[in-house]
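**Q** got a structure for you, letters missing:
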C-alpha cells in the first residue's frame, strides 16, 4: 500500500489539480464511476473548507493530499496547518426549508458525510488538521 | 472533459445561460459574476441550460440559491433549470434542492414556459 501525494497552496485555483489528482488515483484503484464522482465532490468540499476556514481565505497555506487504496476501500487524506476545525461546531443544514429559509453555507460537511463511508477529523496542535475520508467499493 | 464555459443569450422573454464543463468551487465565482451581471442589467427571467455540465459543488448550489432569492423578489422572475444530467440532479437532491427549482427536460421547454 503506497500513497500518492500532492502538495498545493491553499488557493482555489489549485482545486482542479487536486480534484484531478484524486480522480486519477480513484480510477487507478478501480472505483466505479459513481464512487469516483463522490470522491471528487467530497474532495472539492473538503479543500474549500480548508481554504475558507482553516486558512481563513489566505492563499499562502499548504494543503497536502494523499490517496491510497486497500482491497475494498479508497482513502483520501487532506492535511493542513491552519486553524483547528471542529466539525461539532457546524450545524446540520436545513434540507427541507423553502428557498427563503435556506442559509448559503453548511452544505460542504453534509456532502462529505453523505458521499463518503467514513469522514474523520483529527487535530494536532503541532502538525495541524488531518481529514481522512474513506470510500468503500 | 469539456472546457468550462458560460454563454449567455438574450431572448425575447428571458435570458438563456448555457453552462459547460466542470463547475468546481474555483469556477462557481465566475458563474456568480455572470448571473449578477444579468440581474444588474434588469434580467430576472433566467433559464440555465445544464446539459453540458459535468460536475457541480455546493459552491455552485449556493450561487443558484442566492440568485434565485434575488430574482424572485417582488415576483419579478425566476431561475429555471433545463436538461440537468442525472448525476448533477443527484447533487441537487443531496442538498434537498430539487423541489425548490422549476426544472425542464429540454432548453426549448424551459424557454417556452416564460
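**A** Received, thanks. Since the model is a prediction, treat every value here as computed from it, not as a measurement.

**Q** and the strands in chain A?
**A** Ranges of strands in chain A, per DSSP state E, are A:4-9, A:62-69, A:73-80, A:118-124, A:128-136.

**Q** okay, those strands, which one's buried deepest?
**A** The highest mean neighbour count among those, using mean count of other Cβ atoms under 10 Å in any protein chain shown, belongs to strand A:73-80: a mean of 21. For the C-beta atoms, the positions are set from N, CA and C on the backbone; glycine is no exception.

**Q** show me what contacts residue 103?
**A** Went with chain A since none was named. A:93, A:94 (Cβ atoms under 8 Å, 6 or more residues apart in numbering or on different chains).

**Q** oops, wrong one, chain B.
**A** With contacts taken as Cβ under 8 Å, 6+ apart, residue B:103 has the following neighbours: B:80, B:81, B:82, B:84, B:89.

**Q** give me the neighbour count for the residue nearest to the last one when sequence neighbours are not counted.
**A** Spelled out, it's residue B:89. With Cβ to Cβ, 6 or more residues apart in numbering or on different chains as the measure, residue B:98 is the residue that lies nearest to residue B:89, at 6.8 Å, once sequence neighbours are left out. Residues contacting residue B:98 under the criterion other Cβ atoms under 10 Å in any protein chain shown number 15.

**Q** so residue B:98 is in contact with residue B:90, correct?
**A** No: when contacts are counted by Cβ atoms under 8 Å, residue B:98 is not listed as touching residue B:90 (9.4 Å).

**Q** now the helices: where do they sit in chain B?
**A** For chain B, applying DSSP state H gives helices covering B:28-40, B:58-72, B:86-94, B:107-112.

**Q** report the rounded mean pLDDT for the shortest one.
**A** Here the mean pLDDT over helix B:107-112 is 98, rounded to a whole number.
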